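[1] with the sequence up front, the predicted model follows.
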Amino acid sequence: MSLKGFGLYVHIPHCLQKCHYCDFVTTTVDTPPSASGEYVTGVLTELRHRSFSVRELSRGPLTSIYFGGGTPSLLPAQDILAVLLEIATAGFTRTSDCEISIEINPGTIDDEKLDLYLAAGVNRFSIGVQTFNDASLRACGRKHSAEETRKTLRLFASRSLNYSADILFGLPHQRIKDLQRDLSELFEFSPPHVSLYNLTLPREHFMNQGRAPDDEQARMFETIELALSRGGILRYEISNFAKPGFESRHNQLYWQGGAYWGLGVGAHSYLPQCGKFGIRFANPASMRAWHKQVENSSKHEPFWSKLPPAQVERLQLHEALTDFFHTRLRQTSGFLWREFQEFLSEHGVCAARAKNIEFLAQSRLKKLASRDLIIDSDGRVRLSVQGYPLANVVFLELTFAADEVIGEENLTP
Ligand code: SF4
């Protein structure tokens, strides 16, 4: 199977606070962790014990490495360097333009740390701006102030670095005019990339109080999109915008069906070339269970073959198909029918069966096109402008059940 790229994700769970809306696997620390603490030692052990199987399977060089969290920038820069060195020692090579990203929270970086990251090879930064409104930051439970965010952004803008700003909207008591103020402040720093997050909360969550109704939140999204496109920062995925050439390679890997190995507590992996339709597996979300599993991993056999069944998902055809549509259609470029045909053939689906599956997919897509939610023209399928806010409807229609693809002989026109 041809590789669409191959990435490593390294999860760093430490945070200075637990934000009220966050459901990531994180652990709160009062002071930044010390260099090469227990957690980083665990990641290094995971690399030493498990690289062999992943490397054997992936073969190609790494196209991206992503330190996410949590707040990876809380770690001493030496720890990031230690992980990058161990990745090389474990035998992973990198493409010459391998993207190495790290998530940064305002107030956790200075000139000296930034220099160390750059010297280690980090070439992209993702900054958790969220909002420039101090009251909203406090309402979210975040410790940094808007002034710290400005200082961090000034540092990156002054050095013309490749960075992304995360913006959170739909916050309690936030209205469109507040969002416009956030955007005009953001533009002063001319970010090359912006990721948008609409605050999502369970129904009974206390932060729901004072939030704009759904239709106003939809208008907020439109307001942001319009402002960004006027500023030359263009949408390339449902919630991601970039100046041309600054799209995130690591995230594109997820949306294009590339392989990735997730290291660290709770990290997820996807190896499309393993088994007939690929496998997904996840590390335990408990620190103790993760450490134990990594310590006990055999160095010489695929470690995923020994994981408890609850941690591993061996994909079947209907799941691989569903993944194909749900990931490719997130991108403004959508997918080419030719790519879909290649995907079926790479997974060993015979020509007759592939024809029937294509017919099944086409009938669903025709239905969506008749509602103006997708565009299917010149061999390319993508979401329409009306389709973006209703992407969940599109994805639901393009979710396949096992019995729909095993009895597809009946579907031939
Ligand atoms: S800083 Fe990010 S990862 Fe950490 S608790 Fe807040 S939202 Fe979650």
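    Perfect, I can see it now.
[2] so what's Phe324 up against?
    With contact taken as Cβ atoms under 8 Å, 6 or more residues apart in numbering, Phe324 is in contact with Gly257, Phe335, Phe340, Phe343. Just so you know, the C-beta spots here come from the backbone N, C-alpha and C atoms, and that holds for glycine as well.
[3] pick out the residue of the stretch 201-350 of the chain closest to the ligand.
    Using Cβ to the nearest ligand atom, the closest approach of the stretch 201-350 of the chain to the ligand is made by Gly266 at 11.5 Å.
[4] mind checking the SS state of the nearest residue to that residue once chain neighbours are set aside?
    Among residues not flanking Gly266 along the chain, Val25 sits closest, at 3.4 Å (Cβ to Cβ, 6 or more residues apart in numbering). Taken by DSSP: H, G, I helix; E, B strand; the rest coil, the conformation at Val25 corresponds to coil.
[5] what about Val25, how many residues close to it?
    Around Val25 sit 19 other residues, with neighbours defined as other Cβ atoms under 10 Å.
[6] what separates it from Asn296, distance-wise?
    Distance check for Val25 against Asn296: by Cβ to Cβ, to the nearest Å, it reads 20 Å.
[7] give me phi/psi at the residue nearest to the spatial centre of the chain?
    In the chain, the C-alpha nearest the mean C-alpha coordinate belongs to Asn251, at 5.0 Å (Cα atoms, centre = their mean). For Asn251, the backbone dihedrals (degrees, to the nearest 10) come out as phi -70, psi -30.
[8] ok, now which ones touch the residue nearest to it when sequence neighbours are not counted?
    Using Cβ to Cβ, 6+ apart and skipping the chain neighbours, the partner closest in space to Asn251 is Asn240 (6.6 Å). Asn240 makes contact with His193, Val194, Ser195, Leu196, Glu247, Ser248, Asn251, according to Cβ under 8 Å, 6+ apart.
[9] can you check Glu247 too?
    Taking Cβ under 8 Å, 6+ apart as the definition of contact, the neighbours of Glu247 are His193, Tyr236, Asn240.
[10] swap in 7 Å and give it another go.
    Shown here is Glu247, whose contacts under the criterion Cβ atoms under 7 Å, 6 or more residues apart in numbering are Tyr236.
[11] what does Arg55 give?
    Counted by Cβ under 7 Å, 6+ apart, Arg55 has contacts Gly91, Phe92.
[12] mind listing what's buried in the helix or strand hosting it?
    Using DSSP states H and E, Arg55 maps to helix 38-58. Neighbour-count burial for helix 38-58, counted by 16 or more other Cβ atoms under 10 Å, picks out 39-40, 42-44, 46-47, 49-55, 58.
[13] looking only at pLDDT, what's the mean for it?
    Averaged across helix 38-58, the pLDDT comes to 92.
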